[in-house]
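Chemist: need a structure here:
(one chain, ligands or ions: 3)
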Amino acid sequence: MKVDLLNELRKQNPIVFNISNFVTVQDVANGINALGASPIMSEEVGEAEEMVGLASAVCLNLGAFTQTQVEQIRTVGRLANQQKRPLVVDPVAVGAVHYRKRVTTGLLADFHPDVIRGNAGEIAALADVDWQAKGIDAGEGSGDLVTIAQACAKKQGCVVILSGPTDIITDGTRTTKVLNGTPLFQVHVGSGDMLSSIVAAFCAIEEDSFEAAQTACLVFAAIGQLVVKQSPDVGAGSFIVKLLDALQRTTVADIEAIATYE
Ligand SMILES: Nc1ncnc2c1ncn2[C@@H]1O[C@H](COP(=O)(O)OP(=O)(O)O)[C@@H](O)[C@H]1O
Ligand SMILES: Cc1ncsc1CCOP(=O)(O)O
Ligand SMILES: [Mg+2]
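Modeler: Ligands and ions are numbered 1, 2, ... in the order given. Below is the predicted model:
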């Protein structure tokens with residue numbers, strides 16, 4: 001695990017172009033900014049080519065799109081492939097809404113992501129595995145999560161992150177489980193969206209998407225865990241504030257001291 005990619009990220013301060021959703025856009029921007037990357041957002045297809053050109057990685061969040069935005073997302077995804085920018089997709093609620101699954105499947109036929117990051121309900125849906133997703137949340141299912149993540153990686157031909165109490169990162173062959181984290185991530189809407197853009201930030205500075213993805217998962221989960229260790233009384237409101245502080249201040253050594261993965 002290359003935890004010191006975090007120092008490289010802070011040194012390079014890569015620009016990450018995000019198509020976010022209106023719910024969590026500010027968390028995403030401040031999250032990657034605090035960590036050490038440089039966010040930029042856009043909703044206008046007319047500037048897509050320039051946006052992709054100036055960015056070192058692109059994150060497409062499918063959390064709340066209109067038909068117009070789907071066409072912007074399609075254009076940006078194709079441009080990211082053409083301009084060889086690392087591309088991360090977050091398929092929010094694709095397991096809970098048939099319309100989203102249909103649109104997302106169409107988008108994934110038009111461009112190729114380097115990493116897909118979702119919870120169990122979302123990754124199961126993209127692997128065509130039976131699962132009861134619950135809105136934006138993972139929901140319930142009985143399948144083995146490592147098997148589901150690997151099936152999704154093989155089907156989609158990219159690195160897959162199945163996040164949750166344990167994050168599973170796989171390219172279909174290599175697989176890592178990150179055991180760090182805190183249940184408080186679940187009481188803040190936007191935790192997953194922040195992680196997806198942080199994955200894009202690491203992809204901007206590390207060519208191997210699997211390495212980038214596993215480091216991003218460890219860094220984010222460990223920093224959340226450290227927040228709770230340092231402030232045991234933290235609740236849903238103060239968690240995000242303290243998380244932003246910790247994204248800015250936590251060192252590679254702090255993370256290495258509690259890193260738990262296999
Ligand atoms: N119960 C939990 N314990 C520890 N970490 C968690 C838990 N649930 C989620 N996380 C962490 O929260 C972040 C967001 O993951 P997740 O909740 O799966 O995404 P989403 O918000 O898209 O459903 C990840 O870093 C994950 O490791
Ligand atoms: C509530 C909500 N509705 C549409 S997108 C969104 C945010 C999802 O954020 P996350 O997947 O990070 O919890
Ligand atoms: Mg999500």
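Chemist: Next one: residue 40, what pLDDT does it get?
Modeler: pLDDT for residue 40: 98.
Chemist: Could you give the bridge partners of it?
Modeler: Here residue 40 sits in beta bridges with residue 17, going by DSSP bridges.
Chemist: Quick check: it vs residue 109, distance?
Modeler: Using C-beta to C-beta, to the nearest Å, we find residue 40 at a distance of 27 Å from residue 109. No exception for glycine: its C-beta is placed from N, CA and C like everyone else's.
Chemist: So between the two, which is more surrounded?
Modeler: residue 40 (12 against 8; other C-beta atoms under 10 Å).
Chemist: hang on, isn't the more buried one packed against residue 14?
Modeler: No. Here residue 40 lies out of contact with residue 14, judged by C-beta atoms under 8 Å, at a distance of 10.9 Å.
Chemist: Quick check: neighbours shared by those two?
Modeler: Residues touching both residue 40 and residue 14 by C-beta atoms under 8 Å, 6 or more residues apart in numbering: residue 55.
Chemist: Show me how far stretch 67-86 is from its chain's centre.
Modeler: Distance, stretch centre to chain centre, for stretch 67-86: 17 Å (C-alpha atoms, centre = their mean, to the nearest Å).
Chemist: do that stretch and ligand 2 meet at all?
Modeler: No. Judged by C-beta under 6 Å from any ligand atom, stretch 67-86 stays clear of ligand 2, getting no closer than 12.3 Å.
Chemist: Output that stretch as CSV, nothing but the C-alphas.
Modeler: The C-alpha trace of stretch 67-86 is given here as CSV (Å, rounded to 0.1, in the frame of the first residue of the first chain):
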residue,chain,number,x,y,z
GLN,A,67,-31.6,14.5,-19.2
THR,A,68,-29.5,17.6,-20.2
GLN,A,69,-26.9,16.6,-17.6
VAL,A,70,-26.8,13.0,-18.9
GLU,A,71,-25.6,14.4,-22.2
GLN,A,72,-23.0,16.5,-20.5
ILE,A,73,-21.8,13.5,-18.6
ARG,A,74,-21.7,11.4,-21.8
THR,A,75,-19.6,14.1,-23.5
VAL,A,76,-17.2,14.5,-20.6
GLY,A,77,-16.8,10.8,-20.2
ARG,A,78,-15.9,10.4,-23.9
LEU,A,79,-13.5,13.4,-23.7
ALA,A,80,-11.8,11.9,-20.7
ASN,A,81,-11.1,8.7,-22.6
GLN,A,82,-9.9,10.6,-25.7
GLN,A,83,-7.7,12.9,-23.7
LYS,A,84,-6.5,10.0,-21.5
ARG,A,85,-7.6,11.5,-18.2
PRO,A,86,-8.2,9.0,-15.4
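Chemist: what does the average pLDDT come to for it?
Modeler: In this model, stretch 67-86 has a mean pLDDT of 98.
Chemist: which stretch of helix or strand covers whatever residue of the stretch 101-250 of the chain ends up closest to ligand 2?
Modeler: Taking C-beta to the nearest ligand atom, ligand 2 has its nearest neighbour within the stretch 101-250 of the chain at residue 192, 3.3 Å off. In the assignment (DSSP states H and E), residue 192 maps to helix 191-205.
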